[in-house]
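S.K.: Return a 3D structure for these sequence lines:
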Amino acid sequence: MVHKAKEDKYMLMVTLKEIIINKPECLAPYLQTLMPLYINQSQNTGLSDTERNIVSESIGRLYAAHPSLWEQILAALKGNNIRSVETVAKSI
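M.R.: Purely as a prediction, here's the structure:
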């Protein structure tokens, strides 16, 4: 059951990344929900390198499409969680 949940989470991350790549404007109404989720995931010590790369790329592409997210990205870069700082820094 745990493996299935992890697999589902991975598939959701990949699907969202594809939406961000192909049609980021459709996510505009959800930015205030999505970005905190990505920042939270960037702090997760249980992420594989592949998952961390997906989170980083997604944050970067969301920011490229929606520069208004800069304040949230800057706050994460100034945070105390080294994993989050590394992941978010990699995104830009």
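S.K.: how deep is residue 37 tucked in, by neighbour count?
M.R.: 14 (other CB atoms under 10 Å). All C-beta atoms are positioned from the backbone trio N, CA, C, and that covers glycine.
S.K.: so what's it scoring on pLDDT?
M.R.: Residue 37 carries a pLDDT value of 92.
S.K.: go on, the one 10 residues further on?
M.R.: Residue 47 carries a pLDDT score of 87 in this model.
S.K.: That one against residue 41, yeah?
M.R.: Yes: here residue 47 reaches residue 41: they are 6.8 Å apart, a contact under CB atoms under 8 Å.
S.K.: where do the contact lists of the two overlap?
M.R.: Jointly contacting residue 47 and residue 41 under the rule CB atoms under 8 Å, 6 or more residues apart in numbering are residue 55.
S.K.: the more surrounded of the two?
M.R.: residue 41 (22 against 19).
S.K.: Pull the contacting residues for that one.
M.R.: By CB under 8 Å, 6+ apart, residue 41 lies in contact with 13, 47, 51, 55.
S.K.: For the second one, list the residues it contacts.
M.R.: Listed by CB under 8 Å, 6+ apart, the contact set of residue 47 reads 41, 55.
S.K.: Assign it to helix, strand or coil.
M.R.: Under DSSP: H, G, I helix; E, B strand; the rest coil, residue 47 falls in the coil class.
S.K.: Alright, I will stop here.
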